[in-house]
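J.: task: produce atomic coordinates for the following.
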Amino acid sequence: METVAPFKEAIDEIKESGADAVKYCYQCGKCDTVCPWNRVRTFSMRKLIREATFGLTEIENEEIWRCTTCGKCQQRCPRDVMQIVDMIALRRFATGYGVFPEAVKPVRAASAGLFSEGNPFGEARAKRADWAEGLSVKPFTEGMEILYFPGCYLSYDSRLKKVARATVNILNKAGVDFGILGTQENCCGESIRKTGNEEAFKRLARENIKTWIDNGVKKILVSSPHCYHTFKNEYPEFNVNFEIVHISQYLFELINEGLLQINKEYEKKVTYHDPCYLGRHNGIYDEPREVLKKIPGLVLEEMDESREDSMCCGMGGGRIWMETQKSDRFANLRLDQAVGVGAEVLVTSCPYCITNFEDCRLVLNYDDVIQVKDITEILQEVL
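T.: Down below sits the predicted model:
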C-alpha cells in the first residue's frame, strides 16, 4: 500500500488540492445515510472525510474512487463540507503520485485516448462524425444559430448513435439552423476532471474553447448532462461564456413555439429518470416531463425517488470507465423501481444513464419487461 509522509505535508497537500472544506465536517453521518452505495454494499463518505481531515496516509484506496459525484450528500450536508470537491481533490492527490488501484486503471486508458484522439475510447478522430452519415447535417459555419455538440458517447457508441440521429431528425423537422464540428470536437473533459486529472481537463477545455471562438460559435446544444454541466459551470473558469442548452430544454421550447407538431399517439406507460447532472446539479426537472406530457396516449408514472431525490445510475465521477461488479450496481435497483410502477419504458436524457441501464437490463433479463430510451427517441416516433 502506497503511503505519503510526513504526516503534516499530507494534510497540507490534500487541502491544497481543493479539499480544505473537510475541516468543517463534524461527523454527523448524513452523507452515509443518503449515499446510493449503501444500498448495495458498505461505504462511508464520513470515514473518508475524517481521514482526509487528518491526512490520508494510504492513497492506494479504491474507496476514494467510488463516489459517483451524484450530489446527494452535498444536498443534505448541514456544514457545506463539499464532499464532491473533496473526493476529486483526493483523486488529484493520488493521481499526482501515479497511484491507481487495479479497478481504476481503465481511467489511464481513457486518459490516453483523450490525449491522442480527443475521446475516451481511443477511436479515430476521423470517425467522430460517422454517426451523421446519410443525414442532412451541415458542418457548422459562422452565422449559424446553433452548434450541435453530440459528445463522445453519441459519436462512437453504437447504441447512442441512435440518439444523435434522432436529435438531428427532430432539429431538421423543426427547421433549426444548426451544424456540427465533427472531427474538430473534443471530449468535454467533465469525467476526466472528476477522476482528478486536471491537466487533461484543461487541455481539452482550451482546445474546445479555441475551436468555438475560431468558428464563431455562440449557442451550443448538447445531449449529455455532463457536457451541459461542464460547458455551463466549469468552462467560465477560462473567462468565456457561451449559451449552453440541453436538448430536453430545447425540445420543450420548440414544441411551445409550434415548430414541432406531435401527430401520433404513444400508448405506453412511461417513467422518467432524472440524471444527476441534469437534475440535482442543474435544476432541470420540468422541461423533460412537460415534453412527455404533451405526447397523446403517453402515461407518465413517477418513481418514488424522483426529481431532487432521484437515484444515481452509478456512472458519474468517471465510473463510466470503471467496472462495477454486478452485485454493486445500484442501477439494478433503479430498473426495479421503474418496473415496480408498471412502466413499459424508462426514459431519460443522459448517455451515461442509458449505457448503464441497457447493460443492467440484460443482466436482469428484463429484455421483454422494459425498454430504455432517450427522450429524443420517444419524440421522434410521434412527430
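
J.: could you pull out the helices for the stretch 251-383 of the chain?
T.: 286-293, 330-340, 351-363, 375-382 (DSSP state H, counting those that start in this stretch).

J.: mind putting those in TSV, mean neighbour count and mean pLDDT included?
T.: From N, CA and C alone the C-beta is placed, and that goes for glycine too. TSV is the format used below for those (neighbours: other CB atoms under 10 Å; pLDDT from 0 to 100):
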stretch	mean neighbour count	mean pLDDT
helix 286-293	19	97
helix 330-340	20	95
helix 351-363	21	95
helix 375-382	21	97
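
J.: of all those helices, which lies closest to residue 112?
T.: helix 351-363 (20.4 Å; CB to CB).

J.: could you find the closest non-adjacent residue to residue 162?
T.: Leaving aside its chain neighbours, residue 162 sits nearest to residue 377 (6.6 Å; criterion: CB to CB, 6 or more residues apart in numbering).

J.: any idea how far residue 282 is from the one you found?
T.: 22 Å (CB to CB, to the nearest Å).

J.: just residue 172 next, same as before
T.: In terms of CB to CB, residue 172 sits 27 Å off from residue 282.

J.: okay, those two: which has more neighbours?
T.: Ranked by neighbour count (other CB atoms under 10 Å), residue 172 and residue 282 place residue 282 first, with 18 against 13.

J.: correct me if wrong: the more buried one contacts residue 230.
T.: No: at 10.9 Å, residue 282 does not count as touching residue 230 under the criterion of CB atoms under 8 Å.

J.: what ranges do the strands span in the stretch 101-250 of the chain?
T.: 146-149, 178-179, 219-222, 243-246 (DSSP state E, counting those that start in this stretch).

J.: relative to residue 201, which of the helices of the stretch 251-383 of the chain is closest?
T.: Nearest of the helices of the stretch 251-383 of the chain (CB to CB): helix 351-363, 17.1 Å.

J.: tell me what that closest one is packed against?
T.: helix 152-156, helix 158-173, helix 330-340, strand 345-348, strand 371-374 (3 or more CB pairs under 8 Å, 6 or more residues apart in numbering; DSSP states H and E).

J.: ok now do the spatially most central residue of the chain, which residues does it touch?
T.: Centroid-nearest residue in the chain: residue 226, 3.7 Å away (criterion: CA atoms, centre = their mean). Shown in contact with residue 226 (CB atoms under 8 Å, 6 or more residues apart in numbering): 151, 188, 190, 191, 277, 316, 350, 352.

J.: of the residues you listed - the most surrounded one?
T.: residue 350 (30 neighbours).

J.: count the residues that sit near the residue nearest to that one when sequence neighbours are not counted.
T.: Distances taken as CB to CB, 6+ apart put residue 275 closest to residue 350, at 3.6 Å, once the chain neighbours are dropped. By the criterion of other CB under 10 Å, residue 275 has 31 neighbours.

J.: then residue 236?
T.: 11.

J.: that one and residue 189, how far apart?
T.: 14 Å.

J.: could you dump the helices and strands packed on helix 351-363 into CSV with distance to residue 241 added?
T.: Below are these laid out as CSV (distance: least, CB to CB, whole Å):
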stretch, distance to residue 241
helix 152-156, 23
helix 158-173, 23
helix 330-340, 35
strand 345-348, 28
strand 371-374, 28
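
J.: which of the ones you listed sits closest to residue 179?
T.: Of all the helices and strands packed on helix 351-363, helix 158-173 comes closest under CB to CB, at 10.3 Å.

J.: other SSEs contacting the closest one?
T.: Using 3+ CB pairs under 8 Å, 6+ apart as the test, helix 158-173 ends up in contact with strand 146-149, helix 152-156, helix 247-256, helix 351-363, helix 375-382.

J.: what mean pLDDT does the shortest one have?
T.: So that's strand 146-149. Strand 146-149 shows a mean pLDDT of 98.

J.: hmm, who's touching it?
T.: With CB under 8 Å, 6+ apart, strand 146-149 has contacts from 140, 167-168, 171, 176-181, 185, 188, 212, 215, 217, 219-223, 227, 231, 245.

J.: make a ChimeraX selection of the buried ones in those.
T.: Listed next is the ChimeraX selection for buried residues among the contacts of strand 146-149, using 16 or more other CB atoms under 10 Å:
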select :140,167,168,171,176,178,179,180,181,185,188,212,215,217,220,221,222,223,227,231,245
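
J.: need the pLDDT of the nearest residue to residue 202 once chain neighbours are set aside.
T.: In space, residue 202 comes closest to residue 189 once its chain neighbours are excluded; the distance is 7.9 Å by CB to CB, 6+ apart. In the predicted model, residue 189 carries a pLDDT score of 96.

J.: so who does residue 189 touch?
T.: Applying CB under 8 Å, 6+ apart, the residues near residue 189 are 114, 200, 201, 202, 203, 204, 205, 208, 230.

J.: where does pLDDT dip in the stretch 201-350 of the chain?
T.: For the stretch 201-350 of the chain, no stretch has pLDDT under 70.
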